[in-house]
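> predicted model follows, preceded by the sequence.
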Amino acid sequence: MKIPKHVRTAAELQAFLQQDKEYKDREQQQLTEAEAQAAARKVEVEGLEAELRAANIRVDSFEDMNRKPDNFKAGFPIILRHLECGEYSDLTKRDMAFVFATKDANEYWNKLTALYESTRSSKTSPLFMEGLAQALAASYREPEIEKLIELSKDRRNGPTRMMLVYGLKRSRKIDVTELLIELADDPEIGKQVEEWLRERKISRP
């Protein structure tokens, strides 16, 4: 599709695209696919959300757990059990893992770690690992620091380690300078680590 020279502003571009049949057909297809995914997702999590409501957790969606409704901590073991059964799409499992990205979920840290480590050797897409990495980075406390460092160095965990390192970087409990310098040469996350070193005005030896 060639855009005419007279189209210069964002408004003019949008007006031009709305007149283009190919663009409109593609936009409609994307909308239809999004609606189908939303409908499938709703059916997929019906059982989980029914269990949460049965536990007196007032949610319209399991993602509402992030708003910390009344009795929300009772939802953690329910969601974890559903995560461990694995009968969900990777996107849904990622979003379920996001629920644990809070210090309130710390008591489940070891179980989330086991899931994270087992997921890297499966054929699961990186989406689930991303959710688990975010949960681990947000929910850890001081006793888990050494394990989190170990996970961040393990290249089998792929680029999701960036979230682990970011969680460590925010900690006031440890000095992560040595870790950042070590990871600066990492082929997957080194570029971002270099930026963090520059932000801290740390020179590599």
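All right, it came through fine. Residues are numbered from 1 along each chain as shown.

> which element is the closest residue to Leu83 other than its chain neighbours on?
Nearest non-adjacent residue to Leu83, counting by Cβ to Cβ, 6 or more residues apart in numbering: Met96, 5.4 Å away. C-beta coordinates here come from the backbone N, C-alpha and C atoms, glycine included. Following DSSP states H and E, one finds Met96 within helix 90-98.

> show me what whatever helix or strand comes next after that helix is packed against.
Per DSSP H and E, the first helix or strand lying C-terminal to helix 90-98 is helix 109-119. Helix 109-119 sits against helix 75-85, helix 126-139, helix 145-153, with contacts defined as 3 or more Cβ pairs under 8 Å, 6 or more residues apart in numbering; DSSP states H and E.

> what mean pLDDT does helix 109-119 get?
Helix 109-119 comes out with an average pLDDT of 94.

> show me which residues of that helix are buried.
Trp109, Leu112, Thr113, Leu115, Tyr116, Thr119 (16 or more other Cβ atoms under 10 Å).

> show the contacting residues for the spatially most central residue of the chain.
In the chain, the residue lying closest to the centroid (Cα atoms, centre = their mean) is Gly131, at 3.4 Å. Gly131 makes contacts with Lys93, Arg94, Asp95, Met96, Ala97, Phe98, as judged by Cβ atoms under 8 Å, 6 or more residues apart in numbering.

> highest neighbour count among these?
Ala97 (26 neighbours; other Cβ atoms under 10 Å).

> do you know the pLDDT at that one?
Ala97 is given a pLDDT of 94.

> so what's the residue nearest to the centre of the chain closest to, chain neighbours aside?
Sequence neighbours aside, Ala97 is the residue nearest to Gly131 in space, at 3.0 Å (criterion: Cβ to Cβ, 6+ apart).

> with Asn66 instead?
Distances taken as Cβ to Cβ, 6+ apart place Val99 nearest to Asn66, at 6.3 Å, with adjacent residues excluded.
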